[in-house]
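**Student:** Turn this into a structure:
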Amino acid sequence: MHEELTALAERLTALGEQPALPCLDPVNAAMIRNWTQALGDPGDWADAAPPAMIQVWSMPGLVEHKGGGVADEPLRLLNEHGYTGVVATNCEQTYDRYVKVGEHLRSTMRFGGVTGPKKTGMGEGYFVTWYQSWYDADDQRVAEMLFRVLKFQPRKRAGNAPKKGGKYPLQPAIGLDTRFFWDGVNEGELRIQRCADCGTLRHPPGPMCPSCNSTNREHVVASGRGTVYSYVVHHHPPVPGRTPPYVVAVVELAEGVRVVGNVNGCPPEDVHVGMPVRLVFERMDDELTLPQWTPAGAPEPVAEATPEPEPAELEIPLTPTFVIATALATRDFTPVHHDTALARAQGTKDIFLNILTTMGVVQRAALQAVPGGKLATIAVRLGVPAYAGDTLRVRTERAGDHTLKVRGAVSLGDHVTATVTFKEDA
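**Tutor:** Numbers count the residues shown, from 1 in each chain. Sure thing, here's the model as predicted:
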């Protein structure tokens, strides 16, 4: 496949600039309004279109066009050989001038090349690059773009194989009867189920009260104090993330119910029946925290001083609505931006922002930092995905008289680093 792909890339590169997908609609106020509302862009664009919107005018949407995309054949070939995952990695746009409402553009493409195979965080893949240009009715170029995507082989996971990437392999089964308990753990509480009719406490939680058979239930928050009722010292078999020997205890809470957990913070030989213990929480990975126990006399952990986060010029909650609405407003119907099941099937955690939206967010931050500026170029490099449920915090920094550095970060790290330049006569 590699030789066939290389030969195909050489042939496409030699073709040079070719007609591309048609711009189905003239530049119009309705699409501009949808785009600005979805992205939360507060700019008053009057009769001009936001420059970062340039690619939207030639996006095919859900209409299938035969031909017109110079990268179609390489992408199809990679797809047929198992490289079914796709994620954009780079986008560089140059704006010769802003386009006006009413203009009907045409676009061309030229192939830029294929690089690979490369080992990446998403899996083995190939980087595919192409260029697109847009022209007005007088055949004057109004914008140009470099676009690069990674076509990768999604990692295959055996049925019960642990997920990679530092995830603790022993995960609890969370259902309707137990979700309240794990929600409490995530909030630093040890929640105990209580019958809403007779008041009996019970643990483990269940659907019916063993005392009165009522299915009405609520919960109380335990004090976090108890005594060791019984225990074992675990030596074998090995447990991921644990170094034997260690103590697994049944702890009787002050409230009267018993719970199971490890006793940390002391040697196994110091543990004994009747030993007073208090609740502590142990973080196992980015998603899982477990309630554990430590001797009641052990000193409370001293929390390290957390520095105040650097203020962000732009802070965007990445709700599922925002992720999906911006994808639709940019006419990007790729499933990883709106279909959670298909996104996860490709090895991602959830749906995530598309690169057209990221370009728009960078533009929004840049013009907020330089009011009245006229954009000349935006060049972005994508880092970690910006998943639904996270928050995107964008900061800008002057890098010269007409240059701005933009950085957008999420909880996983930098989502985008960008360089924005402004026209000198602005």
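**Student:** any idea how far H234 is from M275?
**Tutor:** Separation of M275 from H234 (C-beta to C-beta, to the nearest Å) stands at 17 Å. Every C-beta, even on glycine, is put in place using the N, C-alpha and C of the backbone.
**Student:** oh, I was asking about P267
**Tutor:** For P267 relative to H234 (C-beta to C-beta), the value is 14 Å.
**Student:** Looking at these two, which has the bigger crowd around it?
**Tutor:** A count of neighbours by other C-beta atoms under 10 Å puts H234 above the other of P267 and H234, at 16 against 9.
**Student:** List the beta-bridge partners for the more buried one.
**Tutor:** Here H234 sits in beta bridges with Y246, going by DSSP bridges.
**Student:** how does this structure divide up, domain by domain?
**Tutor:** 2-154+310-422, 179-295 (automatic domain parsing).
**Student:** Next, report how far the last one is displaced from the centre of its chain.
**Tutor:** It refers to domain 179-295. On the basis of C-alpha atoms, centre = their mean, to the nearest Å, domain 179-295 sits 32 Å off its chain's mean C-alpha point.
**Student:** give me every residue that touches the residue nearest to R97 when sequence neighbours are not counted.
**Tutor:** Nearest residue to R97 in three dimensions, chain neighbours excluded: V142, at 5.6 Å (C-beta to C-beta, 6 or more residues apart in numbering). Neighbouring residues of V142 by C-beta atoms under 8 Å, 6 or more residues apart in numbering: I54, Y95, D96, R97, V99, L105, W134, Y135, D136.
**Student:** Local confidence estimate at the fifth one?
**Tutor:** Looking back up the chat, that one is V99. If you check V99, the pLDDT there is 97.
**Student:** pretty sure H338 contacts I324?
**Tutor:** Yes: if you go by C-beta atoms under 8 Å, H338 and I324 touch, sitting 4.6 Å apart.
**Student:** what secondary structure does H415 sit in?
**Tutor:** Assigned state for H415: strand (three-state reduction, DSSP: H, G, I helix; E, B strand; the rest coil).
**Student:** show me where the stretch 301-426 of the chain has helices.
**Tutor:** Ranges of helices in the stretch 301-426 of the chain, per DSSP state H, counting those that start in this stretch, are 320-329, 340-345, 355-369.
**Student:** roughly how far out does the second one sit from the chain middle?
**Tutor:** A distance of 12 Å separates the C-alpha centroid of helix 340-345 from that of its chain, computed with C-alpha atoms, centre = their mean.
**Student:** Please, where are all the helices along the stretch 1-150 of the chain?
**Tutor:** So, for the stretch 1-150 of the chain - with DSSP H, counting those that start in this stretch - the helices run 2-15, 29-39, 72-80.
**Student:** separation between the spatially closest residue to D270 that is not a sequence neighbour and N262?
**Tutor:** In this structure, D270 finds its nearest non-sequential neighbour in P295, 7.5 Å apart by C-beta to C-beta, 6+ apart. In this view, P295 and N262 are 13 Å apart by C-beta to C-beta.
**Student:** List the beta-bridge partners for A379.
**Tutor:** Judged by DSSP bridges, the bridge partners of A379 are E92, T419.
**Student:** tally of neighbours for it?
**Tutor:** Look at A379: counted by other C-beta under 10 Å, it has 18 neighbours.
**Student:** Next up, the contacts around it.
**Tutor:** Contact analysis of A379 by C-beta under 8 Å, 6+ apart lists N90, C91, E92, Q93, A418, T419, V420.
**Student:** ok, of those residues, which one's closest to P169?
**Tutor:** Closest approach between these and P169, by C-beta to C-beta: N90, at 34.7 Å.
**Student:** so what's that closest one up against?
**Tutor:** T129, L146, F147, R148, A379, V380, R381, L382.
**Student:** Got phi/psi on A249?
**Tutor:** phi -120, psi 150 (degrees, to the nearest 10).
**Student:** need the contact list for it.
**Tutor:** Counting by C-beta under 8 Å, 6+ apart, A249 has contacts V228, Y229, S230, Y231, V260, G261, N262, V263, V271, V277, W293.
**Student:** what about 6 Å?
**Tutor:** V228, Y231, V263 (C-beta atoms under 6 Å, 6 or more residues apart in numbering).
**Student:** try Q93
**Tutor:** M145, I378.
**Student:** Return the distance of stretch 417-426 from the chain's centre.
**Tutor:** That offset, for stretch 417-426, works out to 28 Å (C-alpha atoms, centre = their mean).
**Student:** what does it rub up against?
**Tutor:** Here stretch 417-426 makes contact (C-beta under 6 Å, 6+ apart) with 362, 366, 373-374, 376-381, 402-404, 406-407.
**Student:** ditto for stretch 332-341
**Tutor:** L62, I324, A327, L342, A343, D350, I351, N354, L356.
**Student:** residues of the biggest strand by length in the chain that come out buried?
**Tutor:** In the chain, assigned by DSSP state E, the strand with the most residues is strand 106-120. Using 16 or more other C-beta atoms under 10 Å as the test for burial, strand 106-120 gives R106, S107, T108, M109, R110, F111, G112, V114, G116, P117, T120.
**Student:** for the chain, which spans come out with low pLDDT?
**Tutor:** Filtered on pLDDT under 70, the chain yields the residue ranges 64-68, 121-122, 155-168, 240-241, 286, 298-312, 347, 426.
**Student:** and if we set it to 80?
**Tutor:** By pLDDT under 80, the low-scoring segments of the chain are 21, 63-69, 120-123, 154-170, 236-244, 283-287, 297-312, 345-348, 425-426.
**Student:** Which other helices and strands does the host helix or strand of W293 contact?
**Tutor:** For W293, the host element (DSSP states H and E) is strand 289-295. Using 3 or more C-beta pairs under 6 Å, 6 or more residues apart in numbering; DSSP states H and E, the elements in contact with strand 289-295 are strand 258-263, strand 276-283.
**Student:** Tell me which of the ones you listed sits nearest to A7.
**Tutor:** Using C-beta to C-beta, the helices and strands packed on strand 289-295 put strand 276-283 closest to A7, at 51.1 Å.
**Student:** Is there a neighbour count for the nearest residue to C212 once chain neighbours are set aside? I'd like the number.
**Tutor:** Once flanking residues are discounted, C212 sits nearest to C198: 4.4 Å by C-beta to C-beta, 6+ apart. Close neighbours of C198, defined as other C-beta under 10 Å, add up to 12.
**Student:** Is C198 in a helix, a strand, or coil?
**Tutor:** Assigned with three-state DSSP, C198 falls in the coil class.
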